[in-house]
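*Asks:* here is a sequence together with a model predicted from it:
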Amino acid sequence: MKKHTDIDFFPELRKMVDKNTQHYKSDFDIDMDIIRKYAISTEPLDKPLLWMSRPSGTHCLRESEVFIKGTHEHSAFCFYAEQTQDKVLACVIVPKRIEGDSVIGDLFEINYREHAALVANKSVEPEAMKFDFEDGTSYTGLFRKAYDVALSRIETSGQVVHTQTLPKDAEAHVSILIGEKIKRETMRTTKCDKPSVRDKLKISVSDRTAIANSQQKKKGKEMEIL
């Protein structure tokens, strides 16, 4: 796994697109908007992002959603490993800040097919979906059943500005995300500077608290089970 820290994502990702994507290169323009959106998000579950370049297009997906079965992100990430022989270049990107037209952060190149197998084996089951609307209101309902209700509210509440899937086993989901982050943190350091067990525990405790709090907020009073 190659790692790049504090870089401008767009030139690096563009190189992969030019190398591997022959059709629908305009997908990358959508990706850039997605990356900018989540770069300024304060939600822990909005980043890291999994990005992939295919011969026909690209994808930019939230890691937290990829590790939940049945989501669009999970299906999109696993599909090309399960159903095609396409060459896919993939990486994990962790946006930190925006500087002018650039988004700065850390990029980790990954083996797509190996990571897709890991996702397929580790992902947890979904329970509910939360939708945030333009007018500031939210709706949370059972997974899949919530879509129709959310669509019916668009006329009065405006467009959906943010979605999040809530897993059945939140603790297992948190552990997966923390485990992935610890692997990246370890890869980011030099041999003589490798994180100690104590450092890993610090990462685990702080991230577990932040992610768990975020998930708990989504299961608050607005939860409507249909």
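*Replies:* Done, it's in. Note that the coordinates shown come from a computational prediction; the quantities given were computed from them, not determined experimentally. Residues are numbered from 1 along each chain as shown.

*Asks:* where do the strands of the protein begin and end?
*Replies:* 3-8, 49-54, 57-62, 89-99, 102-110, 126-133, 138-142, 160-167 (DSSP state E).

*Asks:* which of the ones you listed is buried the deepest?
*Replies:* Highest mean neighbour count among those (mean count of other Cβ atoms under 10 Å): strand 49-54, with a mean of 25. For the C-beta atoms, the positions are set from N, CA and C on the backbone; glycine is no exception.

*Asks:* how about residues contacting that one?
*Replies:* 13, 16-17, 19-21, 31, 34-35, 38, 58-63, 66, 73, 77, 80, 86-95, 112, 115 (Cβ atoms under 8 Å, 6 or more residues apart in numbering).

*Asks:* repeat that for 6 Å
*Replies:* Outside of strand 49-54, the residues within contact range by Cβ atoms under 6 Å, 6 or more residues apart in numbering are 16-17, 20-21, 59-61, 63, 66, 86, 88-93.

*Asks:* pairing partners for it, with directions?
*Replies:* In the sheet, strand 49-54 lines up against strand 57-62 (antiparallel), strand 89-99 (antiparallel) (DSSP bridges).

*Asks:* looking at these, spot the one closest to Ile7.
*Replies:* Closest to Ile7 of these, according to Cβ to Cβ: strand 89-99, at 9.5 Å.

*Asks:* just how off-centre is that closest one within its chain?
*Replies:* 11 Å (Cα atoms, centre = their mean, to the nearest Å).
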